[in-house]
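> Compute the structure for the input listed below.
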Amino acid sequence: MDIAGIRSEYMRATLDESEVAHDPCVQFGAWFEAAVKAELPGPNAMCLSSVDADGAPASRMVLLKGFDARGFVFYTNTLSRKGRELGASPRAALLFFWAELERQVRIEGRVEAVSAADADAYYRSRPIGARIGAWASPQSEVLTARSALESKLAELAKTLGDDPSRPPHWSGYRVVPHAFEFWQGRASRLHDRVRYRGASAGVAPAPGARWIIERLAP
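Predicted structure coming up:
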């Protein structure tokens with residue numbers, strides 16, 4: 001297989017720094033809405049990257065469950081590998097890739113826990129199987145066999161009933177951005193890249209302050 005020969009040209013659209021929204025959350029919302037309207041598979045799927053206490057990176061796909069001016073929210077087992085890493089180093093990077101639209105969005109920021117009330121509300125909105133599964137799975141731990149997980153799930157389905165409470169080890173995180181990059185594929189690999197950043201590196205602008213918007217070389 002000639003992997004090096006796999007190529008495609010990007011010709012769908014352009015991105016100009018003079019035409020984007022002043023607020024990166026507004027710009028993200030427009031692109032996210034376009035991905036939803038295009039009926040792309042998993043438009044809210046995002047790659048979450050974190051580092052452990054020694055600085056070793058790890059990435060995995062998670063699902064965006066909400067965003068606003070405060071940041072981008074996802075939920076998980078806080079005792080999982082990602083939960084431990086975010087506890088040790090509360091910073092993260094997110095990556096959305098909508099291949100059919102030839103677009104990427106990169107987001108970097110600090111990480112904070114969502115409120116217990118927010119976590120409870122989202123947990124109650126989940127299908128019952130997912131709610132019980134959050135109790136059953138020791139996420140990221142070694143399993144002797146899948147049958148052990150399925151047996152635990154069946155046991156808990158009997159004991160927890162139809163309205164289980166949120167597990168104490170399951171909650172949400174919010175990535176509070178200090179930088180965004182919007183990427184639009186272009187021909188000859190001369191892609192459009194527009195970055196939003198605060199005036200101080202690694203620090204989000206204060207509420208109401210303007211973001212610095214700049215074009216990056218492809």
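> following whichever strand or helix holds Tyr123, which helix or strand comes up?
In the assignment (DSSP states H and E), Tyr123 maps to helix 116-125. Using DSSP H and E, the helix or strand that follows helix 116-125 in sequence is helix 128-136.
> Which positions in that following helix come out as buried?
Buried residues in helix 128-136, counted by 16 or more other Cβ atoms under 10 Å: 131-136. All C-beta atoms are positioned from the backbone trio N, CA, C, and that covers glycine.
> what does stretch 204-218 give?
Buried-residue list, stretch 204-218, by 16+ other Cβ under 10 Å: 204-205, 211, 213.
> Start and end of it, how far apart?
Stretch 204-218 has an end-to-end distance of 24 Å (Cα to Cα, to the nearest Å).
> ok now do the closest residue in space to Arg103 that isn't next to it in sequence, which residues does it touch?
Leaving aside its chain neighbours, Arg103 sits nearest to Gln184 (5.8 Å; criterion: Cβ to Cβ, 6 or more residues apart in numbering). Applying Cβ atoms under 8 Å, 6 or more residues apart in numbering, we find Gln184 in contact with 10, 13-15, 102-103, 191-193.
> Please, where are all the strands along the chain?
45-51, 57-63, 66-68, 71-77, 91-98, 103-113, 170-184, 192-197, 212-216 (DSSP state E).
> so which of those gets nearest Glu39?
Set against Glu39 and scored by Cβ to Cβ, these come closest in strand 91-98, at 11.4 Å.
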